[in-house]
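Participant: Sequence and predicted model, in that order:
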Amino acid sequence: MIKVGVLVGSLRKESYTKKLAENLVEYFPEDYETEFIEIGNLPFYNEDLDAGDPPEEYVKFREKMHDKDAFLFVTPEYNRSVPAVLKNALDVGSRPYGHSVWAGKTGAIVSNSPSNLSGFGANHHLRQSMVFLDVQMLNQPEAYIANVADLLDDEGKVNNEGSRKFLKSVIDAFVELTNLFRA
């Protein structure tokens, strides 16, 4: 069983990003297990907090993430970058130095926006961090989802076949990358 941690960069209760992520996880094959990872409860990373007796939230997050084989990041764009909550999760998971939960695993990014911009800036900023954190990223297909609110029906499901096929192609390529990387 391959375990995928799903990290959502939006904390809003009725988040389009979370609804999009819920649609995406449906496309993973049966031998993949997905888990949504809570990141909103993590105190902002502070090396002083990590010295000696780190916060319980850091410890639990790191333990949960060490167990994962791959990561799916689904994020909106805030000010041409990733939301602070997602960047904080990256920082918490990358410490203490030499014990990163990210290194040597695979990842995929699906960015989105309620406008036409599609989260391009967030996607690429997140990619920069992933390169440094030694995560083998899915390069193609790139997934920038514009007008995400119009893409979802009243139940939060993707409302058109073309978009469903595209999202499935992203997950299929991510599964292929992960299988190759783990071989």
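Facilitator: That came through, no problem.
Participant: residue nearest the centroid of the chain?
Facilitator: The centroid of the chain falls nearest to residue 73 when counting by C-alpha atoms, centre = their mean (1.3 Å).
Participant: Could you say whether that residue sits in a helix, a strand or coil?
Facilitator: Judged by DSSP: H, G, I helix; E, B strand; the rest coil, the three-state class of residue 73 is strand.
Participant: and it, what pLDDT?
Facilitator: Residue 73 carries a pLDDT value of 98.
Participant: correct me, but it touches residue 106?
Facilitator: No. Between residue 73 and residue 106 there is no contact under C-beta atoms under 8 Å: 11.4 Å. (Glycine included, C-beta is placed from N, CA and C.)
Participant: ok so, going back, if I look at the residue nearest to the centre of the chain, how far off is residue 150?
Facilitator: According to C-beta to C-beta, to the nearest Å, residue 73 stands 22 Å off from residue 150.
Participant: And for residue 61?
Facilitator: According to C-beta to C-beta, residue 61 and residue 150 sit 34 Å apart.
Participant: cool, residue 109 as well?
Facilitator: From residue 109 over to residue 150 the distance is 21 Å, taken as C-beta to C-beta.
Participant: the more surrounded of these two?
Facilitator: Taking residue 109 and residue 150 together and counting by other C-beta atoms under 10 Å, residue 109 has the greater number of neighbours (27 against 10).
Participant: List the contacts of that one.
Facilitator: Listed by C-beta atoms under 8 Å, 6 or more residues apart in numbering, the contact set of residue 109 reads 73, 74, 75, 123, 126, 127, 130, 137, 138, 143.
Participant: Residue 34 should be in a helix, yeah?
Facilitator: No. Per three-state DSSP, residue 34 lies outside any helix segment and is strand.
Participant: Name the nearest residue to residue 49, sequence neighbours excluded.
Facilitator: The shortest distance from residue 49 to any residue other than its chain neighbours is 5.7 Å, reached at residue 55 (C-beta to C-beta, 6 or more residues apart in numbering).
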